[in-house]
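Engineer: fold the following and give me the result.
(one chain, ligands or ions: 1)
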Amino acid sequence: MPERHRDTAGVHAGKLVVPLNAASSPPLYQASSYEFEDLADVEQIYGGRKAGAVYGRFGGPNARHFESAIAELEGAEAAVGAASGMAAIDAALSRLARPGDAIVATREIYGGSYVLLEKDYREAGIRIVYVDQQDLAAVRDALARERPKVLYVEALTNPLVHVADLRALADAAHDAGASLVVDATFATPMLVRPLALGADLVVHSVGKYIGGHGDVGAGVLAGRAELVEPARAYLVRKGATLPHFEAWLALRGVRTLALRMARHSANAAHVAAALAREPAVAVVHHPSLPAHPQHALAAASYPDGTGGIVSFDLRGGRDAVERFLPALESIAIVHSLGEVATTIAYPAVSSHRPLPAEERRALGVGDGTLRLSVGIERAEDIVADLTRALAGLGERVEA
Ligand code: PLP
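Structural biologist: Here you go, the predicted model:
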């Protein structure tokens, strides 16, 4: 190489030539632009005939790594990462339903998705109808009446962990000419694979279990390429693709997802059984409990467990909640979920805040309902923290 001025060397020196010998774990490609060998290369990569990166917003190598992992885990032809779970949900739903069309959605929908449907979609002229996803006759009625483009459900609902019968819902949607889109954030592909049960698209908030450490904001959707590729193009247009570092963290989360989901599920079953024995607790919601309304369905369709979310109602309502939460020692109030540490949330003021109190209570989310995201600590330590805080509450309730 000819000698060059240090000003020039500063700009060009130390260039990474890829491939070196392969790294054993994917490196972070923190680059927003990429070089092309010649114009034929530009033509081929832009035209999608050759694999290659174009520009940061179009998605980089780390996003591709993560997407291919999710596609394989979901048994999907294609997957696309997004800047958040909401971006993935919007990309999925908005490509399927246009102004004048209808969406039939679960009434147990995540609060952010509810606001998206109510504020943006309804205002854009899309009809939105809510149904009880557990009531298949009601679902079929709504589908026959509305003839929607999409049936949108959640695999495990928030916060009561109802279990969707995905095969039956897929059949009902397809009989009515609709696509089934499933938010499987609480389950992850380690516990359920909605596409194998007939769903058309599956979406995740990746910052929950898939990321797993409370340090990623990301989303992903997976399904047939004919549905995923228009969603990818939309995310590129909107500038809502998955950034490199988040993609890298998300893939690192995938590496331990199977282990974590097994531990979350086993711990949650242990914690749920312990809470069900507590006098200050009126009801506990987790599909592992025989009293759970979809216990049999969960046992048949979730052989590896039903995840780490356990909700329970304190008999003393909001007053008890206000005394219980500060008495917890290691369990922090966190309004996200799916992290390695056990955390707790109060849905009435967080996820279900957009709903009028009457509607929220009608969904079974009362003033005493708390949602635990059971972590991967030793189950006995989680139970000890909860029972200690509940014991204090019991004394006050009886006094
Ligand atoms: N779906 C479910 C079930 C969620 O719990 C959340 C977030 O809490 C979302 C979607 C939205 O994901 P994000 O916050 O990554 O946009």
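
Engineer: apart from its neighbours in sequence, what residue is nearest the residue of the stretch 51-200 of the chain found nearest the ligand?
Structural biologist: Ranked by CB to the nearest ligand atom, the top residue of the stretch 51-200 of the chain for proximity to the ligand is residue 85, at 2.3 Å. Every residue, glycine included, has its C-beta placed from N, CA and C. What sits nearest to residue 85 in space, not counting adjacent residues and going by CB to CB, 6 or more residues apart in numbering, is residue 205, at 2.7 Å.

Engineer: for the stretch 1-150 of the chain, which spans come out with low pLDDT?
Structural biologist: For the stretch 1-150 of the chain, applying pLDDT under 70 flags the ranges 19.

Engineer: re earlier: test my guess that the residue nearest to residue 85 contacts residue 84.
Structural biologist: Yes: between residue 205 and residue 84 there is a contact at 7.2 Å, judged by CB atoms under 8 Å.

Engineer: and for the two, which residues touch both?
Structural biologist: Shared contacts of residue 205 and residue 84, defined by CB atoms under 8 Å, 6 or more residues apart in numbering, comprise 218-219.

Engineer: so the two - more neighbours on which side?
Structural biologist: residue 205 (30 against 19; other CB atoms under 10 Å).

Engineer: next, the contact list for that one, please.
Structural biologist: Here residue 205 is in contact with 84-86, 88, 183, 185, 218-219 (criterion: CB under 8 Å, 6+ apart).

Engineer: now with 7 Å?
Structural biologist: 85, 185, 219 (CB atoms under 7 Å, 6 or more residues apart in numbering).

Engineer: burial count for the second one?
Structural biologist: Taking other CB under 10 Å as the criterion, the count of residues near residue 185 is 28.

Engineer: dump the contacts of residue 205 to a markdown table, plus secondary structure.
Structural biologist: Converted to a markdown table, the contacts of residue 205 look like this (DSSP: H, G, I helix; E, B strand; the rest coil):
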| residue | secondary structure |
| --- | --- |
| 85 | helix |
| 185 | coil |
| 219 | strand |
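
Engineer: CA atoms only for the helix or strand where residue 267 lies - export them in PDB, please.
Structural biologist: Per DSSP states H and E, residue 267 falls inside helix 257-276. Presented in PDB, the C-alpha positions along helix 257-276 are these (Å, rounded to 0.1, in the frame of the first residue of the first chain):
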ATOM      1  CA  LEU A 257     -34.400 -19.000  26.400                       C
ATOM      2  CA  ALA A 258     -35.100 -22.800  26.700                       C
ATOM      3  CA  LEU A 259     -33.400 -23.000  30.100                       C
ATOM      4  CA  ARG A 260     -35.000 -19.800  31.400                       C
ATOM      5  CA  MET A 261     -38.600 -20.700  30.200                       C
ATOM      6  CA  ALA A 262     -38.300 -24.100  31.900                       C
ATOM      7  CA  ARG A 263     -37.200 -22.600  35.100                       C
ATOM      8  CA  HIS A 264     -39.700 -19.700  34.900                       C
ATOM      9  CA  SER A 265     -42.500 -22.200  34.400                       C
ATOM     10  CA  ALA A 266     -41.500 -24.600  37.200                       C
ATOM     11  CA  ASN A 267     -41.000 -21.700  39.600                       C
ATOM     12  CA  ALA A 268     -44.300 -20.200  38.700                       C
ATOM     13  CA  ALA A 269     -46.100 -23.500  39.300                       C
ATOM     14  CA  HIS A 270     -44.400 -23.700  42.700                       C
ATOM     15  CA  VAL A 271     -45.200 -20.100  43.600                       C
ATOM     16  CA  ALA A 272     -48.800 -20.400  42.400                       C
ATOM     17  CA  ALA A 273     -49.400 -23.500  44.600                       C
ATOM     18  CA  ALA A 274     -47.900 -21.700  47.600                       C
ATOM     19  CA  LEU A 275     -50.000 -18.500  47.000                       C
ATOM     20  CA  ALA A 276     -53.200 -20.600  46.700                       C
END
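
Engineer: per-residue confidence at the residue lying closest to residue 156 once chain neighbours are set aside?
Structural biologist: Excluding its sequence neighbours, the residue lying closest to residue 156 (CB to CB, 6+ apart) is residue 186, at 3.9 Å. We have a pLDDT of 98 for residue 186.

Engineer: could you do the one 10 residues further on as well?
Structural biologist: The pLDDT attached to residue 196 in the predicted structure is 98.

Engineer: kindly provide the distance from it to residue 182.
Structural biologist: Going from residue 196 to residue 182 by CB to CB, to the nearest Å gives 11 Å.

Engineer: so which of these two has more stuff around it?
Structural biologist: residue 182 (29 against 14).

Engineer: helix, strand or coil for that one?
Structural biologist: Under three-state DSSP, residue 182 comes out as strand.

Engineer: ok so residue 324 is a helix residue?
Structural biologist: Yes: residue state for residue 324 (three-state DSSP) corresponds to a helix.

Engineer: quick one: it and residue 387 touch, right?
Structural biologist: No: with contact defined as CB atoms under 7 Å, residue 324 does not reach residue 387; the gap is 11.4 Å.

Engineer: more neighbours: which of those two?
Structural biologist: In this view residue 324 and residue 387 are compared by other CB under 10 Å, and residue 324 has more residues nearby, 22 against 16.

Engineer: so what's that one up against?
Structural biologist: 314, 389-390, 393.

Engineer: check residue 382 too.
Structural biologist: Residues near residue 382 by CB under 7 Å, 6+ apart: 267, 271, 342, 374.

Engineer: most surrounded residue in those?
Structural biologist: residue 374 (30 neighbours).

Engineer: check the gap between it and the ligand for me.
Structural biologist: 15 Å (CB to the nearest ligand atom, to the nearest Å).

Engineer: returning to that earlier point: could the contacts of residue 382 go into JSON lines alongside pLDDT and distance to residue 249?
Structural biologist: Formatted as JSON lines, the contacts of residue 382 follow (pLDDT from 0 to 100; distance: CB to CB, whole Å):
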{"residue": "267", "pLDDT": "98", "distance to residue 249": "23"}
{"residue": "271", "pLDDT": "98", "distance to residue 249": "27"}
{"residue": "342", "pLDDT": "98", "distance to residue 249": "21"}
{"residue": "374", "pLDDT": "98", "distance to residue 249": "22"}
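
Engineer: looking at the residues you listed, which is nearest the ligand?
Structural biologist: residue 374 (15.4 Å).
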